[in-house]
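Enquirer: Sequence and predicted structure are below.
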Amino acid sequence: MDGFRGQATEDQEVMMSIENTIQSPCEVTPAAQSPKTHAAVPHQPQNGNRDLTAIPGMANMIDTDPEEPDDRNDDQHETGDKKHRTFLPPPGIEDVRRAYEDLQGILKPKRKTGPGHVDPGLNLITRERLEQVCQFLWNYVGPDTTPHGGTISTSWMATSEQTARAVGRGSNLARNLWTWSRAFITDRSLPISSSGQCNESLLQDETLVQEIKLHLEGIGKYAKAMDIVHFLDTLEMKERLNRKTTIGITTANRWMHELGFSWGNAPKGQYVDGHKREDTVAYRQDVFLSDLDEIDAHTRRWTNDGTEDTSVATTPDFCHIVVWYHDKSTFYANDRRKVRWASKDEKAVPQPKGEGASLMVADFVSADYGWLRSQNGEEDARVLLKAGRSRGGYFTNEDVLKQVQSAMDILKKHYPNDDHIFVFDNATTHLKRPDEALSARNMPKFTPKEGTNWGPETNMIGNDGRPVYGPDGKVVKIKTRMADGRLADGTPQPLYFPLEHPQAGVFKGMSIILKERGLLKESNLKAQCKDFKCKKGVSDCCC
């Protein structure tokens, strides 16, 4: 008889519901709690609706649609202060079974190949609702009920209440279980949740995203979230986006993250600039790395644990090459760790403003011996400098030369069995030429006017060996005489007029020097191209 469950028990459930309603007009008690009936209701077909208000006295006492929340007016007909609702019988047992099986297929879709299941792709709320409906239907059918027969221990309403209590919920969920279950049984409608789908972000508009990015780039590196707020606050943007107001600062901050920005210190690279310049790349690839490759066979080999690999065969006269890299670092008095665990009772302490006094450290380091020092540690080439005009001055090319001389003295004394190579970066301090070095840059084409002379400028050095500063805080410059040139065969080429000349000691000028070498055509060229940058592949454009 189980196959006729929906029809065979319909009258019983209705009559039990009537009795419980009479006992408590404000609550429909599950039918399973009342074993008695006190009224007879004419039998109606399974798919029909019963009008309980036809029973005398019931119209004013019974709310016969427990499946809808109290604030719903579905299927209600107002008659004065009376409400009329129609009663829907429980679905048939076979309909419930088929719905349960279909729900299992939705929640646990099988793999196309092999055992197991795949993710159904439902959001969390929809999945939770389907699982609750599935549990409700399973509880209603009962594990002992089969298509061939069985007993009904609970009613449709009582089962929903039990299922709701099992998941820690109340009557509201029970009523929703009726609604969701009936909808699914009728047309397989899913209780889809619209959570998170109500509002669509304006950033879904790719054109708007590009306009905002261009706006921020136009402001520069100090663009801020408030700039987005102001950008969208224009009349044009509000009309275009159909908005009455702009976005808030909290939304703008979130947008900054979604647009790829992050709040923090600007990223710092290894190089300030120029490391990708064409001439720099060519030097690195064709000169520096090539030179390292040539000496590679003479350098020591190391294992993964840091010990020297002595398995490499060497000859008795073999000499290792040690590469020493020059390194400089500057430390400031107010350098400190800024992020730490602080006690809630800790009081704020005033912090000094600015970076504070600096200390520069310059030293040499190698993979073979570490920092450059004697084996007993008493001698080293490290330089400490309190940088600043009013302190120890600045680390100049002369200081670099002194440090290299000190390093070479230590290496000759303590590491005489190795050959040594010093490697410096391309800082201007390391690339400086001698003050009197030959250079065509800034050379005048013609002889200076009477009473004047030309020569490269250099820093004035005081008796203490440090640069001399003027009242304006700048290093005082003086002119020095450029060294004479020398041809390939060793013949000297004076750049200044000799002592017996009427303009003795005055710079000749490039035009006269070229004529002395027989280069008459070249002497008529312009002194130099703009910014001393000649066209690529051209060698006859300037002197």
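Expert: On my side now, so go ahead.

Enquirer: With adjacent residues omitted, what lies nearest to D335?
Expert: In this structure, D335 finds its nearest non-sequential neighbour in E355, 7.5 Å apart by CB to CB, 6 or more residues apart in numbering. The way it works is simple: take the backbone N, C-alpha and C, and place the C-beta from them, glycine included.

Enquirer: Check which residues of the helix or strand where Q132 lies are buried.
Expert: Taking DSSP states H and E as the criterion, Q132 maps to helix 124-141. For helix 124-141, a neighbour-count test (16 or more other CB atoms under 10 Å) marks 126-127, 129-130, 132-141 as buried.

Enquirer: Can you name the element that comes right after that helix?
Expert: That would be, after helix 124-141 and using DSSP H and E, helix 156-166.

Enquirer: For that next one, buried residues please.
Expert: W156, M157, A158, T159, S160, E161, Q162, T163, A164.

Enquirer: Could you tell me how many residues sit around the residue nearest to D335?
Expert: Residues near E355, counting by other CB atoms under 10 Å, number 12.

Enquirer: from memory it sits against R336, does it?
Expert: No - assessed by CB atoms under 8 Å, E355 is found out of contact with R336, at 10.8 Å.

Enquirer: can you list the weak-confidence ranges in the stretch 1-150 of the chain?
Expert: The model of the stretch 1-150 of the chain has pLDDT under 70 over residues 1-86, 143-150.

Enquirer: Next: the chain.
Expert: Applying pLDDT under 70 to the chain flags residues 1-86, 143-154, 192-200, 266-275, 313, 344, 542-543.

Enquirer: Could you chop it up by domain?
Expert: 1-198, 202-258, 283-305+318-333+354-431 (automatic domain parsing).

Enquirer: Look up phi and psi at K110.
Expert: The phi/psi pair for K110 (degrees, to the nearest 10) reads phi -80, psi 150.

Enquirer: Direction included, what does the longest strand along the chain pair against?
Expert: Identified as the longest strand of the chain according to DSSP state E is strand 321-332. Paired neighbours of strand 321-332 in the sheet (DSSP bridges): strand 358-366 (antiparallel), strand 419-423 (parallel).

Enquirer: In JSON lines: these, plus mean neighbour count and distance to V322.
Expert: What follows is the strands paired with strand 321-332, written out as JSON lines (neighbours: other CB atoms under 10 Å; distance: least, CB to CB, whole Å):
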{"stretch": "strand 358-366", "mean neighbour count": "18", "distance to V322": "5"}
{"stretch": "strand 419-423", "mean neighbour count": "15", "distance to V322": "5"}
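
Enquirer: which one of those strands lies closest to L289?
Expert: Proximity to L289 (CB to CB) singles out strand 419-423 among these, at 12.0 Å.

Enquirer: Return the set of buried residues in the helix or strand following the closest one.
Expert: Note on strand 419-423: by DSSP H and E, the next helix or strand toward the C-terminus is helix 428-431. Judged by neighbour count (16+ other CB under 10 Å), helix 428-431 contains these buried residues: T429.

Enquirer: Counting by contacts, list what helix 428-431 packs against.
Expert: helix 397-414 (3 or more CB pairs under 8 Å, 6 or more residues apart in numbering; DSSP states H and E).

Enquirer: which residues touch T303?
Expert: If you count contacts by CB atoms under 8 Å, 6 or more residues apart in numbering, T303 has them with D309.

Enquirer: do you know how far it is from S189?
Expert: 70 Å (CB to CB, to the nearest Å).

Enquirer: Ok, Y283 next?
Expert: Shown here: Y283 relative to S189, a distance of 73 Å by CB to CB.

Enquirer: picking up where we left off before, now render the strands paired with strand 321-332 as CSV, adding distance to G218.
Expert: Formatted as CSV, the strands paired with strand 321-332 follow (distance: least, CB to CB, whole Å):
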stretch, distance to G218
strand 358-366, 36
strand 419-423, 43
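
Enquirer: ok, back up a step: just send the domains of the chain back as CSV, with distance to K536 too.
Expert: Listed next are the domains of the chain as CSV, based on distance: least, CB to CB, whole Å:
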stretch, distance to K536
domain 1-198, 59
domain 202-258, 32
domain 283-305+318-333+354-431, 16
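
Enquirer: winner for burial among those domains?
Expert: Most buried of the domains of the chain, by mean neighbour count (mean count of other CB atoms under 10 Å): domain 1-198, with a mean of 15.

Enquirer: the helices in the stretch 401-543 of the chain, which residues?
Expert: 428-431, 510-516 (DSSP state H, counting those that start in this stretch).

Enquirer: scratch that, the stretch 151-300 of the chain
Expert: 156-166, 171-187, 206-219, 225-231, 235-241, 249-258, 278-283, 289-295.

Enquirer: Let me know which of the ones you listed is the nearest to M443.
Expert: helix 278-283 (22.0 Å).

Enquirer: can you pull the buried residues of the closest one?
Expert: Applying 16+ other CB under 10 Å to helix 278-283 flags no residue as buried.

Enquirer: how close does V538 get to L525?
Expert: 11 Å.

Enquirer: Which of the two has more residues huddled nearby?
Expert: More crowded of V538 and L525, by other CB under 10 Å: L525, with 17 against 9.

Enquirer: thought that one was touching D540?
Expert: Yes - contact status for L525 versus D540: in contact at 7.1 Å, counting by CB under 8 Å.

Enquirer: Would you mind giving the buried residues of helix 124-141 as CSV with distance to L208 added?
Expert: Below are those laid out as CSV (distance: CB to CB, whole Å):
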residue, distance to L208
T126, 30
R127, 33
R129, 35
L130, 37
Q132, 40
V133, 41
C134, 43
Q135, 45
F136, 45
L137, 47
W138, 49
N139, 51
Y140, 51
V141, 53
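
Enquirer: Please identify which of these is nearest to D327.
Expert: The closest of the buried residues of helix 124-141 to D327 turns out to be R127 (CB to CB; 59.2 Å).

Enquirer: That closest one and W180, how far apart?
Expert: Using CB to CB, we find R127 at a distance of 13 Å from W180.

Enquirer: same question, P416
Expert: Distance from P416 to W180, by CB to CB: 91 Å.
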